[in-house]
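# Mind looking at a prediction? Sequence and model below.
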Amino acid sequence: MKAISLISLMFLALSCAQTANLPSGESIGEAMEVRDSVRLAVIAATPADFFNETVLVEATVTAVCQKAGCWMQIEDGGEKPMVRWESGCGGQYTFPKDLAGKRVLIQGSFYPKTITAADIEHLVEEAGQPIEIASEGYEFNASSILVLD
């Protein structure tokens with residue numbers, strides 16, 4: 001019985017240690033792992049180096065889908081990728097519609113993305129405001145976000 005209690009305490013201590021270095025804020029999605037964040041400019045310089053890798057990015061939200069909260073656009077250092085949930089639109093999580101202007105930490109992966117003119121028009125309509133969306137580039141698949149205080 002003491003061994004089980006000791007093991008439980010060790011797991012509790014490890015779980016606290018893993019989140020001890022994350023800033024405070026509202027967490028949405030899966031558990032976020034403590035890791036060094038990467039600037040979007042670094043990713044944009046060699047995006048293929050980051051494809052299929054889990055990364056942590058801090059950025060400012062510039063727009064959010066006002067219909068379903070299924071995507072958001074972020075900006076840092078002039079880079080403005082789109083962000084979607086790994087589970088897709090209508091999945092388990094949504095981005096709060098009032099995130100524009102707030103800083104967030106995003107955990108997930110990058111992948112190359114081509115967006116058609118029709119899709120860009122659809123995204124601008126859902127944003128409810130004018131936004132710039134590149135037709136070629138990369139997109140971010142989020143597993144979790146942390147809205148920073």
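Great, that's in hand.

# so where is this structure shaky, pLDDT-wise?
Low-confidence segments of the chain, defined by pLDDT under 70: 1-20.

# center of it, which residue is that?
Relative to the mean C-alpha position of the chain, the nearest C-alpha, by C-alpha atoms, centre = their mean, is the one of I106, at 3.0 Å.

# OK, contacts around that one?
L56, V57, E58, A59, I74, V83, F140, A142, S144, I145 (C-beta atoms under 8 Å, 6 or more residues apart in numbering). The C-beta positions use only the backbone N, C-alpha and C, and glycine is treated the same way.

# Check G108 too.
G108 neighbours (C-beta under 8 Å, 6+ apart): T54, V55, V83, E86, F140, N141, A142, S143, S144.

# just the contacts of I106 now: which is nearest Y111?
Proximity of the contacts of I106 to Y111 (C-beta to C-beta) peaks at F140, which lies at 8.3 Å.

# Doesn't the closest one belong to a helix?
No - counting by DSSP: H, G, I helix; E, B strand; the rest coil, F140 is not found in a helix; it is strand.

# I'd like the distance between it and I74.
7 Å (C-beta to C-beta, to the nearest Å).

# quick one on the thing from earlier: if you rank the contacts of I106 by neighbours, which is first?
I145 (28 neighbours; other C-beta atoms under 10 Å).

# before we move on, what SS does the nearest residue to V147 once chain neighbours are set aside have?
The shortest distance from V147 to any non-neighbouring residue, by C-beta to C-beta, 6 or more residues apart in numbering, is to E26 (4.3 Å). Here E26 is recorded as strand under three-state DSSP.

# what does H122 give?
Assignment for H122 (three-state DSSP): helix.

# Look at it and say how many residues are nearby.
14.

# any idea how far it lies from G88?
For H122 relative to G88 (C-beta to C-beta), the value is 15 Å.

# same check, this time on R39
The value you get for R39 to G88, if C-beta to C-beta is used, is 27 Å.
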